[in-house]
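Task: produce atomic coordinates for the following.
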Amino acid sequence: MTLFDTITEEIKKAMLAKDKVRLDALRGVKKEFLEAKTAKGAADELADDKAIAILQKMVKQRKESAEIYKEQGREDLAETEIEQMKVIQEYLPKQLSKEEIEAEVMRIIADTGASTMKDMGRVMGIATKELGGKADGGTISAIVRQKLS
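Below is the predicted model:
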């Protein structure tokens, strides 16, 4: 079962449970998935890796929105964004710890023979491909930069 099918099933469950926050979050996810499926060149298909990238983007958007709402003193709206973010995160792969990311980055650096900051692009390309969905790009970048400098 694809991530798209899973979300569709979860929407039905949320409707039956009358869980408004979950339903709103999942409907937003399905909307993004449908837009990606019907985009030019998508051939009406959505691979799980692309779906995960969409989910990561949505989590990041919710987090940023919640911070803005908090700055403006709108705790009610911030709380809604945080609750929706938690629902969306349930469908992402388990995130790696910082230590696990460091171990993977060190392995990639050893495999590629990278030694200076000039090699960062090559290491980042491999790392983001291998760790995509399991780790935040900013965290990967910071660790690569630290290890190569």
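
Next, work out how far apart Thr6 and Gln146 are.
For Thr6, the distance to Gln146 under the criterion C-beta to C-beta, to the nearest Å works out to 36 Å. For the C-beta atoms, the positions are set from N, CA and C on the backbone; glycine is no exception.

Between the two, which is the more surrounded one?
Between Thr6 and Gln146, counting by other C-beta atoms under 10 Å, Thr6 is the more crowded of the two (14 against 10).

For the more buried one, give me its contacts.
Residues in contact with Thr6 (C-beta atoms under 8 Å, 6 or more residues apart in numbering) are Tyr91.

Next, the buried residues of the host helix or strand of it.
Per DSSP states H and E, Thr6 falls inside helix 3-17. Neighbour-count burial for helix 3-17 flags 3-4, 7, 10-11, 14 (criterion: 16 or more other C-beta atoms under 10 Å).

Dump those residues into CSV; add pLDDT and distance to Ser97 as well.
Compiled in CSV, these are given as follows (pLDDT from 0 to 100; distance: C-beta to C-beta, whole Å):
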residue, pLDDT, distance to Ser97
Leu3, 89, 23
Phe4, 88, 29
Ile7, 93, 27
Glu10, 95, 27
Ile11, 95, 31
Ala14, 94, 30
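
quick revisit: run the chain-centre distance for the helix holding Thr6.
19 Å (C-alpha atoms, centre = their mean, to the nearest Å).

then it to PDB, C-alphas only?
Once side chains and other backbone atoms are set aside, the C-alpha atoms of helix 3-17 remain, and they are given as PDB (Å, rounded to 0.1, in the frame of the first residue of the first chain):
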ATOM      1  CA  LEU A   3       1.600   6.400   1.300                       C
ATOM      2  CA  PHE A   4      -1.200   8.000  -0.800                       C
ATOM      3  CA  ASP A   5      -3.500   5.000  -0.200                       C
ATOM      4  CA  THR A   6      -2.600   5.000   3.500                       C
ATOM      5  CA  ILE A   7      -3.500   8.700   3.800                       C
ATOM      6  CA  THR A   8      -6.800   8.000   2.000                       C
ATOM      7  CA  GLU A   9      -7.700   5.200   4.500                       C
ATOM      8  CA  GLU A  10      -6.700   7.400   7.500                       C
ATOM      9  CA  ILE A  11      -9.000  10.200   6.300                       C
ATOM     10  CA  LYS A  12     -11.900   7.700   6.500                       C
ATOM     11  CA  LYS A  13     -10.900   6.700  10.000                       C
ATOM     12  CA  ALA A  14     -10.600  10.300  11.100                       C
ATOM     13  CA  MET A  15     -14.000  11.100   9.700                       C
ATOM     14  CA  LEU A  16     -15.600   8.200  11.600                       C
ATOM     15  CA  ALA A  17     -13.800   9.200  14.800                       C
END
